[in-house]
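# My questions are about this predicted structure, shown below with the sequence.
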Amino acid sequence: MKIRLDQIEKSFAGRQVIRPTTLTVEDGSFTTLLGPSGCGKTTLLRMIAGLETPDGGELWLDDTCVFSAARRIDLPPEKRGLGFVFQDFALWPHMTVFENAAFGLRAKKDTKDLQSRVREALRTVRLEDFETRYPHQLSGGQQQRVAFARAIAVHPGCILFDEPLSALDALLREEMRHELRSLTSSLGITSVFVTHDQTEAMSMSDRIAVLNGGRVEQYDAPEVIYHRPATEFVARFVGKSNWLSETELFRPEAASQTPAAGALHCELPVRSVQYLGDSYEVTAPYHDTAWTLRCGQRIKPGETLSVYIDPSQIIRFEK
Ligand code: ATP
């Protein structure tokens, strides 16, 4: 399913929380809405779902206009053919895994071949042996999989994920990232994923929309967002940025301790050192900012670090 937002906007109590936004989510892609708390990610997702009504603009799912302020179109959520996975999984505690996974189909009164469709969804998430259990008898990751099975059982054109991994511990979270991504890819389902976690966004997405104050600052592939951030906000929000001036920065891996022809050379006092396993992360002051650098050997605070920056990797902005 292709999703097209055309000048979609939203205000609450006279405050505009989504500025007019135009954005296309390609069919079968995994797209993330990334930004700090309060930037409008969930509001944008809820407008696609039909759970929030935009004040203006149009919203298209494939060739169907599901919302148009001018033409007074507003298709209810159940007619949009979308699936949802929420942060708290939203499972019914008194229902078994099977009944929870069947919930969407029953709610739509779409009960033809219900048993086989629910079993197929449970098999996809490797929970076929858990049908008769209740949510409290499952781990966090398994509950998350039930929520996913419920979403895919209705065969949606798109799944909307609202911070679905944030209730999980760090290790499980990383595992579920891979699992969710490979499941949505193998099913070919368009996914729109909300998170404020840049690592999650970078590792899972085909494209990321970085939001700031209700505005999409950049909409690009993760690699482009990282290496060619369009604005200062994006550069600061995604990855570590080391500022050379108000309009120039480099990422930590653009610097090394080995002299290189044409490199920009600095000698900096080390402020702090953190061991990362494969390298050391060093913080060193530079004018009124601090740089984050990688170092192959242990170095102590107070010692001097020689830094050689590859000039071709310096990122520049127009102020
Ligand atoms: P978070 O990561 O904290 O969930 P978010 O980026 O998803 O944040 P939204 O939940 O979309 O942000 O909220 C955007 C802004 O709109 C916030 O300032 C929020 O307080 C406000 N807001 C959201 N829903 C409502 C509502 N129903 N009534 C009034 N204000 C709202």
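On my side now, so go ahead. These numbers were taken from a predicted model, which means no experiment stands behind them. Numbering: from 1, shown residues only.
# mind listing the helices in the stretch 201-319 of the chain by residue range?
Counting by DSSP state H, counting those that start in this stretch, the stretch 201-319 of the chain has these helices, from start to end: 222-227, 232-237.
# which stretch in these has the least confidence?
Among the helices of the stretch 201-319 of the chain, helix 232-237 carries the lowest mean pLDDT, at a mean of 92.
# which helices and strands does that helix pack with?
Contacts defined by 3 or more Cβ pairs under 8 Å, 6 or more residues apart in numbering; DSSP states H and E place helix 232-237 against strand 207-212, strand 215-220. Every residue, glycine included, has its C-beta placed from N, CA and C.
# so which of those strands gets nearest the ligand?
Between the ligand and the helices and strands packed on helix 232-237, the tightest spacing by Cβ to the nearest ligand atom is seen for strand 207-212, at 6.8 Å.
# So which elements touch that closest one?
By 3+ Cβ pairs under 8 Å, 6+ apart, strand 207-212 packs against strand 30-34, strand 215-220, helix 222-227, helix 232-237.
# Run the chain-centre distance for it.
Put simply, strand 207-212 sits 8 Å off its chain's centre (Cα atoms, centre = their mean, to the nearest Å).
# Dump the helices and strands packed on helix 232-237 to CSV, plus mean neighbour count.
Below are the helices and strands packed on helix 232-237 laid out as CSV (neighbours: other Cβ atoms under 10 Å):
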stretch, mean neighbour count
strand 207-212, 24
strand 215-220, 19
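# could I get those as TSV with mean pLDDT and distance to Pro76?
Output for the helices and strands packed on helix 232-237, formatted as TSV (pLDDT from 0 to 100; distance: least, Cβ to Cβ, whole Å):
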stretch	mean pLDDT	distance to Pro76
strand 207-212	98	25
strand 215-220	96	26
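# Pull the residues that contact the lowest-mean-pLDDT helix or strand in the chain.
Using mean pLDDT, DSSP states H and E, helix 170-187 stands out as the lowest-scoring helix or strand of the chain, at a mean of 87. Helix 170-187 has contacts (Cβ atoms under 8 Å, 6 or more residues apart in numbering) with 30, 124-125, 139-141, 144-145, 148, 152, 159, 161, 164-166, 168, 191, 200, 203-204.
# What residues sit buried inside that helix?
For helix 170-187, the neighbour count (16 or more other Cβ atoms under 10 Å) marks 172-173, 176-177, 179-181, 183-184 as buried.
# Just give me the closest of the residues you listed to the ligand.
Proximity to the ligand was ranked across these by Cβ to the nearest ligand atom; first place goes to Arg173, at 16.0 Å.
# Relative to Thr195, how far out is that closest one?
According to Cβ to Cβ, to the nearest Å, Arg173 stands 11 Å off from Thr195.
# Common neighbours of those two, please.
With Cβ under 8 Å, 6+ apart, Arg173 and Thr195 have common neighbours 165-166.
# Please point out which parts of the helix or strand in which Gln142 is found sit buried.
Using DSSP states H and E, the element containing Gln142 is helix 140-153. Within helix 140-153, the residues scored as buried using 16+ other Cβ under 10 Å are 141-153.
# could you give the angle of the least confident helix or strand of the chain to helix 140-153?
If you take axes from the mean of the first three to the mean of the last three Cα atoms, to 10 degrees, helix 170-187 sits at 20 degrees to helix 140-153.
# send the alpha carbons of helix 170-187 over as CSV?
Listed next in CSV are the C-alpha coordinates belonging to helix 170-187 (Å, rounded to 0.1, in the frame of the first residue of the first chain):
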residue,chain,number,x,y,z
ALA,A,170,17.6,-3.5,25.8
LEU,A,171,18.6,-7.0,24.6
LEU,A,172,15.1,-8.1,23.6
ARG,A,173,14.5,-4.8,22.0
GLU,A,174,17.5,-5.3,19.7
GLU,A,175,16.4,-8.9,18.9
MET,A,176,12.8,-7.8,18.1
ARG,A,177,14.1,-5.0,15.8
HIS,A,178,15.6,-7.7,13.6
GLU,A,179,12.6,-9.9,13.9
LEU,A,180,10.0,-7.2,13.1
ARG,A,181,12.0,-6.0,10.2
SER,A,182,12.5,-9.4,8.6
LEU,A,183,8.8,-10.3,9.2
THR,A,184,7.5,-7.1,7.5
SER,A,185,10.0,-7.6,4.6
SER,A,186,9.1,-11.2,4.0
LEU,A,187,5.4,-10.3,4.1
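# Could you give the number of residues near the residue of the stretch 51-200 of the chain found nearest the ligand?
The nearest approach of the stretch 51-200 of the chain to the ligand comes at His196, 4.9 Å away (Cβ to the nearest ligand atom). Neighbour count of His196, defined by other Cβ atoms under 10 Å: 18.
# With the one 5 residues further on instead?
Counted with other Cβ under 10 Å, residues neighbouring Ala201 total 25.
# next one: Thr64
14.
# ok so, going back, now tabulate the helices and strands packed on helix 232-237 in JSON lines and tack on distance to Thr96.
JSON lines is the format used below for the helices and strands packed on helix 232-237 (distance: least, Cβ to Cβ, whole Å):
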{"stretch": "strand 207-212", "distance to Thr96": "37"}
{"stretch": "strand 215-220", "distance to Thr96": "41"}
